[in-house]
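A.B. asks: Sequence below, structure please.
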Amino acid sequence: MAVRSYSRTWLHDLIKDSRSIGILLLLCTLLSLSLANSPLQQAWKHFWEMPTPAPSFLHLPHDILAWVNDALMATFFLLAGMEIKRELVNGALSSLQKALMPALAALGGMLCPALLYLSVNAGTHLQSGWAIPMATDIAFSLGILSLLGRRVPPAVKVLLMALAIIDDLGAIATIAIFYTDALHWAYLGGAAACMAILVVLNMSGVKRTGWYLAAGTALWYCMFNSGIHATIAGVLLAFCMPLTVTHTLEHRIHVPVNFIVMPLFALANTAIQLPWPMGPALVHPLSVAIMLGLFAGKPLGILLFSWLGVKTRLVALPESLGWKQLLGMGFMAGIGFTMSIFIATLAFSDALLQDIAKIGIIAASLLAGVTGFLYFAALKKK
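C.D. replies: This next block holds a predicted model:
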């Protein structure tokens with residue numbers, strides 16, 4: 001009994017420790033990259049491309065990778081959206097000035113990387129990839145940040161989460177406008193109807209979680225088939241639920257999302273075959289522009305737009321967050337990964353250019369993550 005009790009306590013402490021999420025994500029990334037560049041590479045790649053048994057007329061995700069990225073990750077965005085809503089109502093983003101802070105920082109974090117990319121490749125056949133360094137990978141950036149534990153103020157996590165969500169929304173809008181052939185307006189109409197139902201449920205004082213999840217599932221289905229990235233349904237659902245419902249649901253899905261969904265996401269999206277030698281790919285104008293945009297453009301844009309907002313009194317920095325912490329958060333925001341890779345596949349039809357873009361994204365994300373981690377560690381120590 002004592003051993004069993006100790007095991008339960010150890011497991012509980014492990015789950016409660018935020019650093020374990022980051023460690024698990026890193027281990028999954030290393031495992032997936034290793035398998036994708038081993039003799040098992042074809043089997044590993046084919047596993048994620050394996051068709052799912054759902055009938056085609058249902059118009060559901062067609063393979064395992066799509067289920068992970070479009071369906072399971074919607075639950076991650078639901079969890080993140082609920083945390084953001086809580087902070088907007090009675091937390092670090094509860095005033096208008098503080099709520100505008102991540103929006104303005106995200107705007108700078110999207111514009112500066114795109115402009116730096118174009119400064120290298122404007123007027124060439126590579127300029128269509130200008131949106132690649134715009135997005136922040138919310139799962140990986142928060143996973144790396146969690147490795148630092150209490151050495152990072154909670155306001156940094158909240159602001160990074162809000163910024164990354166706005167970044168992703170901006171990237172989704174960019175895809176819809178510049179990289180999508182057609183939108184399916186009937187499904188967009190269905191999504192609007194689902195949103196209306198969610199708002200009515202909230203205004204009517206409904207507290208049953210099941211009603212919100214049912215309407216949220218229908219919302220996800222309509223978004224998935226509309227041509228817009230389906231994960232946005234998770235954020236929209238979170239913002240349509242009352243706080244009493246989000247409080248209960250947040251506790252229910254916290255562990256499954258962090259210890260099942262996010263590791264699966266890391267395994268699925270890092271199954272990338274790396275070209276060898278990598279030297280030519282790293283100095284190619286495409287990868288150079290991506291690395292410049294993510295590693296330099298992200299912190300530069302976030303700091304510049306935040307500084308302008310504070311100086312004009314349009315926004316206010318949250319408590320316990322100074323310019324030094326904001327710079328470290330800017331480095332973490334340079335982890336572009338999944339959405340950047342997705343945009344790269346849309347921007348270029350040439351497989352070689354896609355591989356070069358992926359090399360640049362991986363290199364920039366690794367550099368940004370390591371720099372941000374070391375920066376925060378040194379800042380706290382000092």
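
A.B. asks: Break down the stretch 101-250 of the chain into its helices, ranges please.
C.D. replies: Per DSSP state H, counting those that start in this stretch, the stretch 101-250 of the chain carries helices over the ranges 138-146, 154-174, 185-203, 209-226, 232-240, 243-256.

A.B. asks: for the stretch 251-382 of the chain, same thing?
C.D. replies: According to DSSP H, counting those that start in this stretch, the stretch 251-382 of the chain carries its helices in the segments 262-269, 279-282, 285-291, 298-311, 323-332, 337-347, 351-381.

A.B. asks: hmm, back to that, let's have the helices of the stretch 101-250 of the chain in JSON lines, adding distance to Pro55.
C.D. replies: (Glycine included, C-beta is placed from N, CA and C.) Shown next, in JSON lines, are those (distance: least, C-beta to C-beta, whole Å):
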{"stretch": "helix 138-146", "distance to Pro55": "30"}
{"stretch": "helix 154-174", "distance to Pro55": "27"}
{"stretch": "helix 185-203", "distance to Pro55": "18"}
{"stretch": "helix 209-226", "distance to Pro55": "14"}
{"stretch": "helix 232-240", "distance to Pro55": "22"}
{"stretch": "helix 243-256", "distance to Pro55": "27"}
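
A.B. asks: Out of the ones you listed, indicate the one that is most buried.
C.D. replies: Highest mean neighbour count among the helices of the stretch 101-250 of the chain (mean count of other C-beta atoms under 10 Å): helix 138-146, with a mean of 25.

A.B. asks: could I get the helix or strand harbouring Leu27 in CSV with only the CA atoms?
C.D. replies: Assigned by DSSP states H and E, Leu27 falls within helix 19-36. Extracted in CSV, the C-alpha atoms of helix 19-36 (Å, rounded to 0.1, in the frame of the first residue of the first chain):
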residue,chain,number,x,y,z
ARG,A,19,8.4,21.3,-16.9
SER,A,20,7.4,17.7,-17.6
ILE,A,21,5.2,19.0,-20.5
GLY,A,22,8.2,20.6,-22.1
ILE,A,23,10.5,17.6,-21.5
LEU,A,24,7.9,15.3,-23.0
LEU,A,25,7.5,17.5,-26.1
LEU,A,26,11.3,17.6,-26.7
LEU,A,27,11.6,13.8,-26.3
CYS,A,28,8.8,13.2,-28.8
THR,A,29,10.4,15.7,-31.2
LEU,A,30,13.8,13.9,-31.0
LEU,A,31,12.1,10.5,-31.3
SER,A,32,10.1,11.5,-34.4
LEU,A,33,13.1,13.2,-36.1
SER,A,34,15.2,10.1,-35.4
LEU,A,35,12.7,7.7,-36.9
ALA,A,36,12.1,10.0,-39.9
